[in-house]
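A.B. asks: quick one, structure for this:
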Amino acid sequence: LGQQSSNTSATRRYGIDLIKELSTTDSETGQGRSVRSIEGRAYREENLTQNAERTVADVVERQDSQLFGANVGVRAVDERYEDTGERRQSFLLLGGARRYFEGLDLTVSAQHEQPLSLSGDDGDDATLFPQRTVIGVDKAIGDRATLSVRHDVTNGTDASGDNTFAGITWQRGAGTLLTASTDAITDDSGRRIGATVGVDQIWRVSEAWSVSAGAVTRARIDGSDNPRDVTPDAAFGPLEDGVRSPLTQDEGFTSGYVGAAYRTPIMAVSGRAEVRDGTSGERFVGTIGGARSVSDELSFSMAAQYLDETQNEVETTDFEAQFAAAYRPKGEGIVVLNRFDIGTDEVQGESERFKLVNNLAMNTRVTDRLQASAWSGVKYVEANFSDGVSTNGYTWLIGGEGRYDLSEKVDIGLHATYTSGEASKTAEWAVGPSIGFNPRQNVWISLGWNVEGFEDEDFQAAEYARDGPFIKFRAKFDQETVRGMLKDLGLGVE
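C.D. replies: The predicted model follows:
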């Protein structure tokens, strides 16, 4: 709800998804069940950098059983682009069916999305929601392999064409997965044929050690036209839907990885190295992480990642390392969490940046119904740019929250966070109330609203500090928690 990590820091997303089961019918043999339901969803995406927004709402009725499935519904889409003043609106009819042939172990499916009206300023449809038809076939080959074929026909005002995909997935045994596929893409710019082959393997060396390796290669077999993406930065809906056209995804590449892991009852360490060589550039990523429990109350962890990437002959390097400690006393006491981050990044010929960040958080229960939290952070940043400009400075953060249990399942809270920057000479607040719920044991959900807010991707306490709504989710997973969740989802766990 606008509170997200740095890779989506320019996008605000919020929405709701509801499913209502209308009826359930058991087959006469008692071996199957048919479920009729209605789904409704609505969400909005806001690009805060380009002042653009997309609103989507749809209602779909479904009938599903083991052998047959069908759905019908409608969808409304509204897109606004303030920088150009453009507005695009689409209203679509949705429909699809699926049939499983038990004797052949074969599933055939079809899905169609038909615009009923377009009311954009230039007659354009919503970018990610054109007229579209997808026909698919999935055939089991023995007990370990599946053949999948898809034909996707897209007819939109921005991009039109068709994509045929065929692939085989083979599970050789425990730890081995092989995939092979080919596709043919046809649009106004020409015809392109590509093939993708992949293998993934995990070896259990001993009770504590395991190693893994994998490789994928994709090649354009035929065709020389460059694929085009009309809206390369378009955001995807958080509640599924909105699929970027496959007509623009045609990069040839070869990638591979190797990894190793070591695990004991008190310690876990893993590492992985990945390389990718594609038509758009080269990339190497190395990661390592580990955690060690010193006692039932004290534990330490670390993680590090190195990235070296070349795109359009410009090299970018990035390194991040994190060191964390957690003290969780049994019974009453103060819970203390601390994390120290080191980071560097360099864009060849443009900029260099170095930063140190420390995050500290504490929590304690004051009374049976009241608990208090406090947090602080400090950050030091140095930056140098190609035009000779350099900057450095400290940023401080401090805050706290109080939560009061109204009942066993409902609590309310009020939080405030203050931050001040030495270089920016600014001070900002994030203040707001929240209400929490315990829908079941070991699960907690909180909804809140920041009356004032700010952004800072480096401070953990700032993850929910942006102005506007936010939602938090916390769960402690054990055998009973997972069993209860599966039962709530209707997966038949007893």
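A.B. asks: for the stretch 251-400 of the chain, just list every one of the strands.
C.D. replies: Using DSSP state E, counting those that start in this stretch, the strands of the stretch 251-400 of the chain run over 253-264, 267-278, 281-293, 298-311, 314-327, 335-347, 351-365, 370-385, 390-405.
A.B. asks: packing partners of the last one?
C.D. replies: Using 3 or more C-beta pairs under 8 Å, 6 or more residues apart in numbering; DSSP states H and E as the contact test, the elements touching strand 390-405 are strand 370-385, strand 410-421. All C-beta atoms are positioned from the backbone trio N, CA, C, and that covers glycine.
A.B. asks: make a markdown table out of these and add mean pLDDT, mean neighbour count and distance to Ala97.
C.D. replies: Output for those, formatted as a markdown table (pLDDT from 0 to 100; neighbours: other C-beta atoms under 10 Å; distance: least, C-beta to C-beta, whole Å):
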| stretch | mean pLDDT | mean neighbour count | distance to Ala97 |
| --- | --- | --- | --- |
| strand 370-385 | 94 | 17 | 52 |
| strand 410-421 | 94 | 18 | 43 |
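A.B. asks: in TSV: these, plus distance to Leu360.
C.D. replies: Shown next, in TSV, are those (distance: least, C-beta to C-beta, whole Å):
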stretch	distance to Leu360
strand 370-385	5
strand 410-421	13
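A.B. asks: contact partners of stretch 346-356?
C.D. replies: Stretch 346-356 has contacts (C-beta atoms under 8 Å, 6 or more residues apart in numbering) with 314-318, 340-345, 379-386, 458.
A.B. asks: sorry, back to before: can I get the strands of the stretch 251-400 of the chain in a markdown table including distance to Pro469?
C.D. replies: Output for the strands of the stretch 251-400 of the chain, formatted as a markdown table (distance: least, C-beta to C-beta, whole Å):
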| stretch | distance to Pro469 |
| --- | --- |
| strand 253-264 | 38 |
| strand 267-278 | 36 |
| strand 281-293 | 32 |
| strand 298-311 | 30 |
| strand 314-327 | 29 |
| strand 335-347 | 25 |
| strand 351-365 | 22 |
| strand 370-385 | 20 |
| strand 390-405 | 17 |
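A.B. asks: quick one: closest of the ones you listed to Glu79.
C.D. replies: Closest approach to Glu79 among the strands of the stretch 251-400 of the chain is made by strand 298-311 (28.5 Å; C-beta to C-beta).
A.B. asks: what pairs with the closest one, and is each one parallel or antiparallel?
C.D. replies: Sheet pairing of strand 298-311 (DSSP bridges) gives strand 281-293 (antiparallel), strand 314-327 (antiparallel).
A.B. asks: low pLDDT regions in the stretch 151-300 of the chain?
C.D. replies: Counting by pLDDT under 70, the stretch 151-300 of the chain has low-confidence residues at 158-159, 172-175, 183-197, 219-251.
A.B. asks: hmm, back to that, closest to Phe129 out of the helices and strands packed on strand 390-405?
C.D. replies: Closest to Phe129 of the helices and strands packed on strand 390-405, according to C-beta to C-beta: strand 410-421, at 38.3 Å.
A.B. asks: going on from that closest one, what's the next piece of helix or strand?
C.D. replies: strand 426-440 (DSSP states H and E).
A.B. asks: now that following strand: buried residues?
C.D. replies: Across strand 426-440, burial judged by 16 or more other C-beta atoms under 10 Å covers Glu428, Trp429, Ala430, Val431, Gly432, Ser434, Gly436.
A.B. asks: which strands and helices lie in contact with the helix or strand just after it?
C.D. replies: Using DSSP H and E, the helix or strand that follows strand 426-440 towards the C-terminus is strand 443-450. On a contact count with 3+ C-beta pairs under 8 Å, 6+ apart, strand 443-450 meets strand 410-421, strand 426-440, strand 468-475.
A.B. asks: dump those into TSV; add distance to Arg54 as well.
C.D. replies: Below are these laid out as TSV (distance: least, C-beta to C-beta, whole Å):
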stretch	distance to Arg54
strand 410-421	30
strand 426-440	26
strand 468-475	17
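A.B. asks: of all the ones you listed, which lies closest to Glu102?
C.D. replies: Nearest of these (C-beta to C-beta): strand 426-440, 36.6 Å.
A.B. asks: quick one: mean pLDDT for the closest one?
C.D. replies: For strand 426-440, mean pLDDT rounds to 91.
A.B. asks: might one say that Thr154 is in contact with Val134?
C.D. replies: No: between Thr154 and Val134 there is no contact under C-beta atoms under 8 Å: 9.3 Å.
A.B. asks: check the offset of stretch 391-405 from the chain's centre.
C.D. replies: Remark: stretch 391-405 is offset 27 Å from the chain centroid, using C-alpha atoms, centre = their mean, to the nearest Å.
A.B. asks: ok, now which ones touch Ser90?
C.D. replies: Neighbours of Ser90 in contact, by C-beta under 8 Å, 6+ apart: Arg75, Ala76, Val77, Pro115, Ser117, Leu118, Ser119, Gly120, Asp125, Ala126, Phe129.
A.B. asks: and which of those residues is nearest to Asn392?
C.D. replies: For the contacts of Ser90, the closest approach to Asn392 (C-beta to C-beta) belongs to Ala126, at 45.3 Å.
A.B. asks: mean neighbour count for the strands paired with strand 298-311 - can I get that in TSV?
C.D. replies: Converted to TSV, the strands paired with strand 298-311 look like this (neighbours: other C-beta atoms under 10 Å):
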stretch	mean neighbour count
strand 281-293	16
strand 314-327	16
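A.B. asks: just put these in a markdown table and tack on distance to Met302.
C.D. replies: Putting the strands paired with strand 298-311 into a markdown table (distance: least, C-beta to C-beta, whole Å) gives the following:
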| stretch | distance to Met302 |
| --- | --- |
| strand 281-293 | 6 |
| strand 314-327 | 5 |
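A.B. asks: quick one: which of the ones you listed is nearest Leu106?
C.D. replies: Across the strands paired with strand 298-311, Leu106 has its closest neighbour in strand 281-293 (39.3 Å, C-beta to C-beta).
A.B. asks: among the buried residues of strand 426-440, which one lies nearest to Gly69?
C.D. replies: Gly436 (37.4 Å).
A.B. asks: quick check: the closest one touching Asp411?
C.D. replies: Yes: using C-beta under 8 Å, Gly436 is in contact with Asp411, at 4.5 Å.
A.B. asks: overlap in contacts, these two.
C.D. replies: Common neighbours of Gly436 and Asp411, using C-beta under 8 Å, 6+ apart, are Arg403.
A.B. asks: any idea how far Tyr81 is from the nearest residue in space to Ser301 that is not next to it in sequence?
C.D. replies: Spatial nearest neighbour of Ser301, excluding adjacent residues (C-beta to C-beta, 6 or more residues apart in numbering): Ala291 at 4.0 Å. Separation of Ala291 from Tyr81 (C-beta to C-beta, to the nearest Å): 46 Å.
A.B. asks: for Val35, same thing?
C.D. replies: 40 Å.
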